[in-house]
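Q: sequence and predicted structure, then a few things I'm wondering about:
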Amino acid sequence: MTLDELLNALFPAGHKTQVGAEGILSGTGSYAIGKTAAVVGVVDKTPLGTNGALALAGHVLEVIRQSPKQPIVILLDGHSQRMRRRDEMLGLNEYLAHLTKCFILAGLQGHRTVGVLFGQIAAGAFIATGLVQDVLFAVPGGDPLVMDLPSIAKVTKLPQEKLEALAKNTPVFAPGLPYAPPIGSIAEIWDSGDLAARLAATLEGPAGAPDHRDKVGLERKGRLKAAEIAQRVEREAISAYV
């Protein structure tokens, strides 16, 4: 699905968007009578570098300043964070952290944030744009990836063949769209039905919703330990200050 096809499917009543430098999408879309959402994103398979992260954060902050509690839809068809010396030397991790905080601030200020993945997004760029949203959906063609198996093999020093075997039964190790819903990272794959109606219903949900993806992963049997460990950390953190 192309960007234009997705925009028309999500906002059949109309939208005004543009793609600027670094593949950064901005604009608005009408999702119901008299209701407009801010539309931002990373598109055209563009890696997210310092310039792009700063520009995207700027659009989010502008929505917070100019349009109180307006829902924000982020569309994703990018790549990973930009792998070049300039961005790393400038502290790309801090730019991505800033972007993440801007989305969190939007939620705290009453903006419902909803992501729709229609292409690839990976690694730190995935965390700062997709996983930080109140809820993340995907359409066919979406390709989420935190780390591919060759990279995991290098980091863990485990043979790639072993990781490939684990991936067959453990969604955490398996890259690709079919394995994202079982671990809770993607709420649902929108592969049929009225996308506009689905989006409109989702945008009416609560802003800054608590992150229950660990519980969702447990219910779907894709992540069996995350919820238990999170609860233990919370209990021990609280007991340390009681």
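A: Structure received. Numbers count the residues shown, from 1 in each chain.

Q: correct me, but residue 136 touches residue 184?
A: No: the criterion here is C-beta atoms under 8 Å, and residue 136 misses it with residue 184 at 9.8 Å. Where C-beta positions appear, they are placed from N, C-alpha and C, glycine not excepted.

Q: tell me which of those two has more neighbours.
A: residue 136 (27 against 23; other C-beta atoms under 10 Å).

Q: mind checking the SS state of the nearest residue to that one once chain neighbours are set aside?
A: Closest residue in space to residue 136, ignoring its immediate chain neighbours: residue 115 at 4.1 Å, by C-beta to C-beta, 6 or more residues apart in numbering. Reduced to three states with DSSP: H, G, I helix; E, B strand; the rest coil, the structure at residue 115 is strand.

Q: next up, the contacts around residue 115.
A: Listed by C-beta atoms under 8 Å, 6 or more residues apart in numbering, the contact set of residue 115 reads 73, 74, 75, 76, 129, 130, 133, 135, 136, 137.

Q: who's it bridged to?
A: residue 74, residue 136 (DSSP bridges).

Q: out of the contacts of residue 115, which is nearest to residue 62?
A: residue 74 (14.2 Å; C-beta to C-beta).

Q: so that closest one sits against residue 117, correct?
A: No: taking contacts as C-beta under 8 Å, residue 74 lies outside contact range of residue 117: 9.3 Å.

Q: common neighbours of those two, please.
A: In contact with both residue 74 and residue 117: residue 130, using C-beta under 8 Å, 6+ apart.

Q: with neighbour numbers in mind, choose between the two.
A: residue 117 (29 against 24).

Q: where do the strands sit along this structure?
A: All strands of the chain, identified by DSSP state E, fall at 15-19, 24-32, 35-48, 72-81, 113-117, 120-122, 135-138, 143-145, 188-189.

Q: now those as JSON lines including mean pLDDT?
A: Shown next, in JSON lines, are the strands of the chain (pLDDT from 0 to 100):
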{"stretch": "strand 15-19", "mean pLDDT": "93"}
{"stretch": "strand 24-32", "mean pLDDT": "93"}
{"stretch": "strand 35-48", "mean pLDDT": "92"}
{"stretch": "strand 72-81", "mean pLDDT": "89"}
{"stretch": "strand 113-117", "mean pLDDT": "94"}
{"stretch": "strand 120-122", "mean pLDDT": "81"}
{"stretch": "strand 135-138", "mean pLDDT": "92"}
{"stretch": "strand 143-145", "mean pLDDT": "78"}
{"stretch": "strand 188-189", "mean pLDDT": "88"}
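
Q: just say which of the ones you listed is most tucked in.
A: strand 113-117 (a mean of 26; mean count of other C-beta atoms under 10 Å).
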